[in-house]
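**Q** Below are the sequence and a predicted model; questions follow.
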Amino acid sequence: MSAAPNATGLTLIELLVVLAIIGLLIALVIHAVQATREAARRAACSNNLAQIGIALQTYHGTHQVLPSGWIAVDPGTGRPYAIGEPGWGWASMILPFVEQGNVAKDLIHFSRPIASPENDLARVVEISTFRCPSGPGPDLFDLAAAGSPTQVLTRLATGNYVGVFGSGGVEHCATLNVGTECRGDGVFYHLSRTRLDDVRDGLSHTLFVAEHSSRSIISTWVGAVSGSKKAAQRIVGTPSTFSSGHPGGMNCLLGDGAVRFVSGKVDTALVTRSRRDQPTEAR
């Protein structure tokens, strides 16, 4: 009788090698899926900004000026007051041009303060065009009072895009007295009425809107609520506050409607309406 053939199989070392290869392949597949999903989210974010760009151009064509960064006056005197009322911001004013005219017409009482009962429904409407899919933050957030973090003034819908206030100074808006506008050297500031002709560096060399990730300060499309913490910083920003949830950079909208992905810090010269040096394109 002949001897039985030797049984064949994987040794322990061979099994470990196979498992390691399978694990590596799974990791590569997961990374590829995540990269594909982020590419789709980044493209959707870019499309949002493109829609905002068209809306701003259309608003300008209708009113001959861009919307104000935010509208706020002293309710007693009607004089400019950066932390006054009603507080509605630039994004709320372009709602009819991003297919949200029903919100602007039927829900928002623009003559009333944002936090007034008449605007209970309006200020919590979630607008997908104003949300980046990669942007962190809840859909709604409770807004605290200035100087009293435990006192909730109202609840607002989150946004991930801020108008360009300029090279700096927005944090000082809360310190200004009644009668003083909080002006920036960008296109969106307190009671601004910027015309496209005012952008003397050229629309293709000037940023209008940038991403804001809401990691530290949750931003909103609604406006600057009187008496709230960091009211203006939630709707307008400066280069030091621009950020995103995208790896490696952020999407920014230029004045000509083009959307650029900017890596690293934003050149301060890109956020002003005019400057002496030669313009530098975002890359």
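**A** All right, it came through fine.
**Q** just for the protein, where's the confidence low?
**A** Scanning the chain for pLDDT under 70 picks out the ranges 1-10, 31-35, 275-283.
**Q** Distance check, L16 against I22.
**A** 11 Å (CB to CB, to the nearest Å). C-beta coordinates here come from the backbone N, C-alpha and C atoms, glycine included.
**Q** What are the boundaries of the helices in the stretch 101-250 of the chain?
**A** Counting by DSSP state H, counting those that start in this stretch, the stretch 101-250 of the chain forms helices over residues 101-102, given from the N-terminal end onward.
**Q** how about the strands in it?
**A** The residue ranges that make up the strands of the stretch 101-250 of the chain, judged by DSSP state E, counting those that start in this stretch, are 140-145, 148-157, 161-164, 207-211, 236-237, 250-254.
**Q** Switch those strands over to a markdown table, and while doing so, append mean neighbour count and distance to Q64 to every line.
**A** Converted to a markdown table, these look like this (neighbours: other CB atoms under 10 Å; distance: least, CB to CB, whole Å):
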| stretch | mean neighbour count | distance to Q64 |
| --- | --- | --- |
| strand 140-145 | 17 | 33 |
| strand 148-157 | 15 | 29 |
| strand 161-164 | 29 | 18 |
| strand 207-211 | 27 | 17 |
| strand 236-237 | 30 | 21 |
| strand 250-254 | 24 | 20 |
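**Q** any chance of these in TSV, with distance to R42 too?
**A** TSV is the format used below for the strands of the stretch 101-250 of the chain (distance: least, CB to CB, whole Å):
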stretch	distance to R42
strand 140-145	24
strand 148-157	22
strand 161-164	14
strand 207-211	10
strand 236-237	20
strand 250-254	7
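**Q** Could you say which one of those comes nearest to W221?
**A** Within the strands of the stretch 101-250 of the chain, the stretch nearest W221 is strand 148-157; the backing value is 6.4 Å (CB to CB).
**Q** Which strands or helices does the closest one pack on?
**A** With contacts defined as 3 or more CB pairs under 8 Å, 6 or more residues apart in numbering; DSSP states H and E, the secondary structure elements packing on strand 148-157 are strand 140-145.
**Q** I would like the residues contacting the strand it packs on, please.
**A** The set of residues external to strand 140-145 that reach it, using CB atoms under 8 Å, 6 or more residues apart in numbering, is 124, 126, 150-158, 218, 220, 225, 227-229.
**Q** same thing but 6 Å
**A** With contact meaning CB atoms under 6 Å, 6 or more residues apart in numbering, strand 140-145 is reached by 124, 151-158, 218, 225, 227-229.
**Q** got the contact list for the nearest residue to G264 once chain neighbours are set aside?
**A** Distances taken as CB to CB, 6 or more residues apart in numbering put G249 closest to G264, at 6.9 Å, once the chain neighbours are dropped. Under the criterion of CB under 6 Å, 6+ apart, the contact partners of G249 comprise 261-263.
**Q** try 8 Å
**A** If you count contacts by CB under 8 Å, 6+ apart, then G249 has 261-264 around it.
**Q** just P96 next, same as before
**A** By CB under 8 Å, 6+ apart, the residues touching P96 are 104-105.
**Q** try 10 Å
**A** Contacts were defined as CB atoms under 10 Å, 6 or more residues apart in numbering; by that measure P96 touches 55, 58-59, 62, 102-105.
**Q** now these: which count as buried?
**A** Under a neighbour-count criterion of 16 or more other CB atoms under 10 Å, the subset of the contacts of P96 counted as buried comprises 55, 59, 103-104.
**Q** on that earlier part again, which of the contacts of G249 sits closest to D197?
**A** V262 (25.2 Å).
**Q** Share the number of residues neighbouring the closest one, please.
**A** Summarising burial for V262: neighbours were counted as other CB atoms under 10 Å, giving 21.
**Q** again, but for the one 5 residues further on
**A** If you count neighbours by other CB under 10 Å, D267 ends up with 16.
**Q** again, but for the one 4 residues further on
**A** V271 has 26 neighbours, counted by other CB under 10 Å.
**Q** so what's the spatially most central residue of the chain bridging to?
**A** Centroid-nearest residue in the chain: Y161, 1.3 Å away (criterion: CA atoms, centre = their mean). Beta-bridge partners of Y161, counted by DSSP bridges, are E211.
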